[in-house]
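A.B. asks: quick one: sequence and predicted model below, then my questions.
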Amino acid sequence: MLRPNPVAADFAGLIQALAATGVEFIVVGGVAGAAHGLARATYDLDVVYSRTPANLDRVVAALAPLTPYLRGAPPGLPFRFDVETLHRGLNFTLTTTLGDLDLLGEITGGGGYSQLLSDSVDAVLFDVPCRLLGLERLIHVKRAAGRPKDLEVIAELEALKEERDREQGT
Amino acid sequence: MRDSTTPGTVGERAAIDPVIEAYKKDVDRTLLRENLRLTPDERLRKLTAFMRSLQGVRAATEPGRR
């Protein structure tokens, strides 16, 4: 389905910004699916970030220059993107100067950064070494989310896994 | 209450699995096989190029631009 005014985020710019300050994060969602081989449009970047105090500092250092604001919030709503705000919240759906970013402390079916880490894989994305949620776990979290709009995506992810396993002979 | 690490119940899975299997029949696997030959970095660069072209098409077909 077409969105009314879709603008894809600058995935490279966002990932490079997070990596530049050493943010501990795992790429999840549609971009993770695409990195595994899914052939599907996606508009925002979803990442699960570590909630350690040091990492919250890094997140703010990385994203504050991109003037993050709560997506869908009325203009003028007071919103300060700082460590205290991150500490008080968990999941933030943001607009930035590089496009939409979902900054997630936890995801349904996956939990937080430390719980997902063992199910993530190393990948180089846009010349940046980072962590990517593994395909099996990605399918698991999509199933756990239980959203009707994800059913088609789950089918594609499972087909992708079958093709990958077939190529690898597993 | 379900916590954030709990997958769907057995009943929920049983309900959605046939739907997923039905969708799976329509998946274009040639695109998936093509993508599997690329690196993750190459796949995302391909996605970025696709999204740019998609936006170009949308912009060109916006009302008032035809």
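C.D. replies: In hand now; what should we look at?
A.B. asks: how about the helix or strand where B:Asn35 lies: buried residues?
C.D. replies: Under the criterion of DSSP states H and E, B:Asn35 resides in helix B:29-36. If you call a residue buried by 16 or more other C-beta atoms under 10 Å in any protein chain shown, then helix B:29-36 has these buried ones: B:29, B:32, B:35-36. Bear in mind the C-beta positions are built from the backbone N, C-alpha and C, glycine included.
A.B. asks: other residues contacting it?
C.D. replies: A:37-39, A:156, A:159-160, A:163-164, A:167, B:43, B:46 (C-beta atoms under 8 Å, 6 or more residues apart in numbering or on different chains).
A.B. asks: now the buried residues of helix B:29-36 as TSV including pLDDT and distance to A:Arg88?
C.D. replies: Shown next, in TSV, are the buried residues of helix B:29-36 (pLDDT from 0 to 100; distance: C-beta to C-beta, whole Å):
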residue	pLDDT	distance to A:Arg88
B:Arg29	96	46
B:Leu32	97	41
B:Asn35	97	40
B:Leu36	97	42
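A.B. asks: of these, closest to chain A?
C.D. replies: Relative to chain A, the closest of the buried residues of helix B:29-36 is B:Asn35; by C-beta to the nearest C-beta it sits at 3.7 Å.
A.B. asks: give the contact list for residue 28.
C.D. replies: No chain was given, so I picked chain A. A:Val28 neighbours (C-beta under 8 Å, 6+ apart): A:46-48, A:104, A:107, A:110, A:116, A:133, A:138, A:141.
A.B. asks: could you do chain B instead?
C.D. replies: Per C-beta under 8 Å, 6+ apart, neighbours of B:Asp28: A:Ala39.
A.B. asks: mind doing that once more with 10 Å?
C.D. replies: Taking C-beta atoms under 10 Å, 6 or more residues apart in numbering or on different chains as the criterion, B:Asp28 is in contact with A:39, A:156, A:159, B:34.
A.B. asks: I'd like those residues as a markdown table, with secondary structure and distance to A:Thr93 appended.
C.D. replies: What follows is those, written out as a markdown table (DSSP: H, G, I helix; E, B strand; the rest coil; distance: C-beta to C-beta, whole Å):
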| residue | secondary structure | distance to A:Thr93 |
| --- | --- | --- |
| A:Ala39 | coil | 25 |
| A:Glu156 | helix | 23 |
| A:Ala159 | helix | 29 |
| B:Glu34 | helix | 32 |
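A.B. asks: pull up the distance across stretch A:73-88, start to finish.
C.D. replies: 18 Å (C-alpha to C-alpha, to the nearest Å).
A.B. asks: is any residue of it near chain B?
C.D. replies: No: judged by C-beta under 10 Å from any C-beta of the partner chain, stretch A:73-88 and chain B are separated, with a smallest distance of 17.7 Å.
A.B. asks: ok, A:Thr170 to chain B distance?
C.D. replies: Counting by C-beta to the nearest C-beta, to the nearest Å, the gap from A:Thr170 to chain B is 13 Å.
A.B. asks: list the beta-bridge partners for the residue nearest the centre of chain A.
C.D. replies: Centroid check for chain A by C-alpha atoms, centre = their mean gives A:Asp46 as the closest residue, at 1.8 Å. Under DSSP bridges, the beta-bridge partners of A:Asp46 are A:Val28, A:Asp102.
A.B. asks: any low-confidence regions in chain A?
C.D. replies: Scanning chain A for pLDDT under 70 picks out A:1-6.
A.B. asks: show the contacting residues for residue 51.
C.D. replies: In the absence of a named chain, chain A is used. Residues near A:Arg51 by C-beta under 10 Å, 6+ apart: A:24, A:59, A:86-87, A:90, A:105-106, A:112-114.
A.B. asks: that's the wrong chain, I wanted chain B
C.D. replies: Counted by C-beta under 10 Å, 6+ apart, B:Met51 has contacts A:6-11, A:34, A:41-43.
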